[in-house]
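*Asks:* structure, please.
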Amino acid sequence: MRERRWESESTLRFEEVLSLCKVLRGAGLPIRRIQEEGACYLEEFHVDRLSEIERLEPWPIDEATLVQIEERWNGDFFLLAGNHLEVFLEHPEPVGYLSLSHPWRVPPEIDASLHRPEGMFWIGFRQTHAFIRVRVAPHEIITPGEMRGEAQREDWVDERIALFSTALEVLDLPLYVDRSNKGVTIASDDPAAPVACSWPDAFGPCQIEYTVSDRYELLVPAARLVSVLGTHPTVLRTFLSGYPQKTLEAFHSLQPSSRMLYRGYLQARLADLPDILAATAPSGRIILNLSEFQTRHFLAEAEESYAVLAVIGGSTGFKIEVRLNRAPLPEEEMEGWLERLIGIPMVYAPLALF
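*Replies:* Numbers count the residues shown, from 1 in each chain. From the prediction side, this is the model:
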């Protein structure tokens with residue numbers, strides 16, 4: 001689900017976060033207690049050595065993904081993906097996951113105005129299959145049920161069809177783009193190679209994922225897309241999950257100059273946030289959900305929506321964020337309502353698309 005996101009205008013000290021939680025609990029929000037344990041999301045933990053993940057040993061780590069980042073990559077994508085696949089096959093792990101992401105550009109002749117001129121592309125490998133994932137990036141998030149943008153629905157659908165059709169034509173896979181009653185659909189001609197559509201908004205999917213059992217089959221299509229539509233040089237990201245440190249070292253040897261960071265989540269209490277932030281300093285960014293609620297309890301006459309209230313920890317302190325599956329009020333009324341609900345100034349801050 002695409003989400004609308006707001007965050008506090010300024011940072012807070014941890015003591016101020018706890019005071020705010022007390023006030024919000026008194027106002028009727030189901031806020032997590034300070035000693036209550038739950039998932040704490042590790043958004044970014046930049047490291048110089050793979051072993052630095054050991055700084056988080058005091059807390060149970062449920063999942064950790066190593067992200068390798070090449071800032072100005074301009075190499076042979078077929079060779080890079082193939083080398084990663086060989087290491088993947090040499091180190092089988094039941095939950096092992098590998099993917100490489102590369103931006104792709106929208107050809108200027110499409111003249112896209114509702115979507116960004118750059119989308120994102122992935123090729124990935126799991127134990128039983130390989131996949132290709134293509135994402136388009138709209139300028140504005142219009143979630144299902146919202147009426148904003150309805151007057152331009154046909155323009156949205158036409159443009160999104162053009163974007164996906166362009167990428168699929170270069171990939172030359174058995175996929176086709178069609179128009180449904182209300183938006184865009186993508187389907188596969190091959191029942192053995194399904195396509196999944198995700199990141200939905202009001203006009204159809206923003207992302208498609210095509211899956212095959214032969215893990216070598218997608219190397220050529222992926223390299224062709226990067227060659228024809230890829231931006232050069234570019235930011236290349238490699239994602240590695242479910243591997244021990246020794247295997248991660250084997251993968252890192254393929255990109256020894258890449259920056260490294262960990263993402264994932266661990267089990268922690270609200271009281272642990274300062275210690276986790278200190279363990280991941282100076283670059284750590286962590287998120288812990290404080291509350292989940294339906295807005296109808298506070299806006300009886302407004303559109304129904306589902307909200308998540310969280311605290312974000314970073315190098316400058318703490319912030320409060322609110323994510324909603326849709327805006328329950330007209331756009332111009334949202335910041336004022338959230339400020340009254342939370343008690344501090346809030347600003348719209350969309351989630352990163354990639």
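
*Asks:* quick check: I34 touching D272?
*Replies:* No: counting by C-beta atoms under 8 Å, no contact exists between I34 and D272, whose distance comes to 9.6 Å. From N, CA and C alone the C-beta is placed, and that goes for glycine too.

*Asks:* pick out whichever of the two has more residues nearby.
*Replies:* D272 (20 against 14; other C-beta atoms under 10 Å).

*Asks:* I'd like the average pLDDT over the longest strand seen in the chain.
*Replies:* Taking residue count as the measure and DSSP state E as the definition, the longest strand of the chain comes out as strand 61-73. Across strand 61-73, the average pLDDT comes to 96.

*Asks:* show me where the chain has its helices.
*Replies:* Taking DSSP state H to define them, one finds helices in the chain at 14-26, 77-90, 153-171, 219-229, 245-252, 273-279, 331-342.

*Asks:* quick one on the thing from earlier: just the CA coordinates of the longest strand of the chain, formatted as PDB?
*Replies:* Output for strand 61-73, consisting of C-alpha atoms alone and laid out as PDB, is shown next (Å, rounded to 0.1, in the frame of the first residue of the first chain):
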ATOM      1  CA  ILE A  61      17.800  -9.200  15.400                       C
ATOM      2  CA  ASP A  62      14.900 -10.600  13.500                       C
ATOM      3  CA  GLU A  63      16.200  -9.600  10.100                       C
ATOM      4  CA  ALA A  64      19.200  -7.800   8.700                       C
ATOM      5  CA  THR A  65      19.800  -6.800   5.000                       C
ATOM      6  CA  LEU A  66      23.200  -5.600   3.800                       C
ATOM      7  CA  VAL A  67      22.900  -2.800   1.200                       C
ATOM      8  CA  GLN A  68      26.000  -2.100  -0.900                       C
ATOM      9  CA  ILE A  69      25.900   1.300  -2.700                       C
ATOM     10  CA  GLU A  70      28.100   2.300  -5.700                       C
ATOM     11  CA  GLU A  71      27.600   6.000  -6.200                       C
ATOM     12  CA  ARG A  72      28.900   6.300  -9.800                       C
ATOM     13  CA  TRP A  73      28.700   2.800 -11.300                       C
END
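
*Asks:* what pairs with that strand, parallel or antiparallel?
*Replies:* Taking DSSP bridges as the criterion, strand 61-73 forms sheet pairs with strand 234-241 (antiparallel), strand 259-269 (antiparallel).

*Asks:* quick one, the shortest one and helix 77-90 angle?
*Replies:* Spelled out, that is strand 234-241. Note on geometry: by axes from the mean of the first three to the mean of the last three C-alpha atoms, to 10 degrees, strand 234-241 and helix 77-90 are set 10 degrees apart in direction.
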